[in-house]
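Engineer: dropping the sequence and predicted coords here.
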Number of protein chains: 2
Amino acid sequence: MSDDQSAKRPVPTMRDIAAAADVSQSTVSRVLSGVPTAVPIAPETRQRVLRTARELGYRPNPLARGLRGASTNLIGAVVRDFSDPFYAGAIEALVVESMAHGYNVVLGHAPGRSGEVASSLTTVLETRHTDAVVLLGDMQEHPQLLADLRDSIVPVVALWPGTSPREFPSVDADDRAGIRAGLEHLVSLGHTRIAFVNAELPNEYRAREDAYLEFMRERFGAVPPGYAERSPSALAGGDAALRRLMDRADPPTAVAASTDVVAVGVLHAAYSLGVRVPDRLSVVGFDDILIAAHTVPALTTVRMPISEIVGYAVTQAVRLAREPAGGERPPDLEIFAPDLIVRDSTAPPAQE
Amino acid sequence: MSDDQSAKRPVPTMRDIAAAADVSQSTVSRVLSGVPTAVPIAPETRQRVLRTARELGYRPNPLARGLRGASTNLIGAVVRDFSDPFYAGAIEALVVESMAHGYNVVLGHAPGRSGEVASSLTTVLETRHTDAVVLLGDMQEHPQLLADLRDSIVPVVALWPGTSPREFPSVDADDRAGIRAGLEHLVSLGHTRIAFVNAELPNEYRAREDAYLEFMRERFGAVPPGYAERSPSALAGGDAALRRLMDRADPPTAVAASTDVVAVGVLHAAYSLGVRVPDRLSVVGFDDILIAAHTVPALTTVRMPISEIVGYAVTQAVRLAREPAGGERPPDLEIFAPDLIVRDSTAPPAQE
DNA sequence: ACGATGCAGGCATACGATTTCGCCCACGTG
DNA sequence: CACGTGGGCGAAATCGTATGCCTGCATCGT
């Protein structure tokens, strides 16, 4: 062998394999791509090429491959907030699910409100660079991104689209049913003074808040004024919101949070206010994030079927990516049902 | 305008722009790439090209760009466990930091122990597809991946390498100093019976456990037998480990956890065992994850300087990516110092 | 007046893999 | 022996962008 400096060889190309195996580069391509070709290859030649490729440590260049119109096997993911444990779990599911389909995931970040960043993002994500794009969370704040995606040819699947205009095939959970299940549970325990704490950007969990308002009106005729709290940030916000609620003349006996993260903030606030959970205050979360079973006390919450949702979304995305952009079915919406998980943060209200 | 079917136009190329603006494709490239070129372009021509590109909705094809040996502006990230809130935060920092440098992030997952998946991963990640690779966490379980990366030409930066062989430039926190700060804090409060709960895969947080063992031997002559607990999973494991510890004849008065997530499990276990924190048990975490300030009670922990670490790593990765692989400095190791953050989960031990 | 210089831009090629067309040879057949 | 046939493979175009090199023209210097 003449590999005097094996460390420096900067990745062999098909041409190198061809030269070493003494065939043409076309033949190398045919052998290595593996697909049944119209051109027959002699078994002996095939073996020689494969062996040479292995010896030289050949790796295909996905760029060159993609250039010819083939797929890059990349799925772009645009996420609102990484540090949110809920999305963290969703991303994990997305990556696992994508890899099961033979795809990798490119992450884009769409933070706060910044058209600039988000639009420069699409420049990288789309244009055949990714075979499909998956949107995680409400993208209403990023009209530029949505517009770019709409114009582009890459298929898009939206997860938990919230209030985003429904212009792509979407997958969502039935937030309304989830909230109602949680509230029903509280009511069945005897609660009537039930508050709601929402967090995150405006509109983010609007459907959950609306479901709360609807339920309360339905069941009690009206929403106690001031019982629907909103705060900008999840953790500190949940904290501050609970303090406001408990300062009232008629403090709630139960709180439904728009999110488990908010619920964690609420639990913490209750603790530091000396309000025992669930004795004096019941708390219901939403999402069933990983630590929900290990909060103090363990959180009663509504389980979001993340893996089902993500699995469905990836399957859709892959299917759309494979089709030559022919389908063009009208954007559909798939809804998954959440389940109530009763743990230790809910109990009948204290006797007065 | 003659755009009769604007929806179907499958992304214009430079050639299209060139034809429409009546210049050559080279000129379009020179104008749009923006870089100072040896070839001068008349302002009028430049404007015409720019206008045409805008009208046609031109987007560069990063594949073709990368094919020419240019960079893809992609950083590959390989992560051990997404759902771990700590890594979730790290990934967010990584994405933000990368985008600040003009890079996007491709995610790879390196779950449990599975050479297959991890190696198929590199096929996509390396080979000039990504300009650099960032490893998050201990990759000891993935020798195949490490070998592939070693052979390839992409620069690699390892974050929190743990016990991985130090073959790439690495960035880490001073786990030993962090653990010692936490233990020192406990000792200064009067604790002597201090246990340690480790979690995750074997070796994952070995340095932290070793620091604990060292400190205990140094300070008290020996580690109380059975005080160094280990469990396979972070949350449920922390829970089970604490139960074992509190069942002993000489239960500890304080617990240091290898991780905030473990500490959350410990807090939960203490709660369900009726052990008040911090009255009867002090708990110290490590990492300062987002919810650490909002556990019940708020967790005393050691802050991991994630953004500093990730920022440094990305800067290194970008620098290495820009260099034509010339540098080849010996793998260095950069260490960041963690700080103790005292909250409400620690107090002097109960009087006996 | 004539070559030198500078400006503006086109031509051609390279990047690495896929794919379409053919070429050549061996073999079989009439 | 001429001719078809099909197996086995190579040559070359192609994808979209970047760049080195060249050319045409006008101006400038002497």
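Structural biologist: Cool, the structure landed. The shown structure was predicted, so the numbers you read here are calculated from the model rather than taken from an experiment. Residues are numbered from 1 along each chain as shown, chains lettered A, B, ... in the order given.

Engineer: alpha carbons of stretch A:308-315, as CSV, please.
Structural biologist: Extracted C-alpha coordinates of stretch A:308-315, given in CSV (Å, rounded to 0.1, in the frame of the first residue of the first chain):
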residue,chain,number,x,y,z
GLU,A,308,-47.5,9.8,19.0
ILE,A,309,-47.7,13.3,17.7
VAL,A,310,-44.1,13.5,16.6
GLY,A,311,-44.2,10.1,15.1
TYR,A,312,-47.2,11.0,13.1
ALA,A,313,-45.7,14.3,12.0
VAL,A,314,-42.4,12.7,10.9
THR,A,315,-44.2,10.0,9.0
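
Engineer: who touches that stretch?
Structural biologist: Residues external to stretch A:308-315 that are found in contact with it (C-beta atoms under 8 Å, 6 or more residues apart in numbering or on different chains): A:75, A:90, A:93-94, A:97-98, A:100-101, A:103, A:134, A:157, A:159-160, A:171-173, A:334, A:336. Placement of C-beta: from N, CA and C, glycine included.

Engineer: now do that stretch, average pLDDT.
Structural biologist: Stretch A:308-315 carries an average pLDDT of 94.

Engineer: A:A199 contacts A:V264, doesn't it?
Structural biologist: No - using C-beta atoms under 8 Å, A:A199 is not in contact with A:V264; the gap is 10.8 Å.

Engineer: where along chain A do the strands fall?
Structural biologist: For chain A, the strands defined by DSSP state E occupy A:74-79, A:104-109, A:132-136, A:156-159, A:170-173, A:194-198, A:228-230, A:254-257, A:282-284, A:301-303, A:333-336, A:339-341.

Engineer: the ones you listed: which one's closest to DNA strand D?
Structural biologist: Among these, the nearest to DNA strand D by C-beta to the nearest atom of the strand is strand A:74-79 (16.4 Å).

Engineer: which neighbours does that closest one have in its sheet, and in what orientation?
Structural biologist: strand A:104-109 (parallel), strand A:132-136 (parallel) (DSSP bridges).

Engineer: which helix or strand in chain A has the lowest average pLDDT?
Structural biologist: Averaged element by element with mean pLDDT, DSSP states H and E, chain A has its least confident helix or strand at helix A:115-125 (a mean of 48).

Engineer: and stretch A:261-276, how far from the chain's centre?
Structural biologist: In terms of C-alpha atoms, centre = their mean, to the nearest Å, the centre of stretch A:261-276 is set 27 Å apart from its chain centre.

Engineer: count the residues that sit near A:G178.
Structural biologist: Applying other C-beta atoms under 10 Å in any protein chain shown, we find 24 residues neighbouring A:G178.

Engineer: and what of the one 10 residues further on?
Structural biologist: When counting by other C-beta under 10 Å, one arrives at 10 neighbours for A:S188.

Engineer: again, but for the one 3 residues further on
Structural biologist: A count of nearby residues for A:H191, using other C-beta under 10 Å, gives 22.

Engineer: that one contacts A:P349, correct?
Structural biologist: Yes - with contact defined as C-beta under 8 Å, A:H191 reaches A:P349; the gap is 5.4 Å.

Engineer: buried residues in stretch A:226-235?
Structural biologist: By neighbour count on 16 or more other C-beta atoms under 10 Å in any protein chain shown, the buried set for stretch A:226-235 is A:227-229, A:231, A:234-235.

Engineer: great, nothing more from me.
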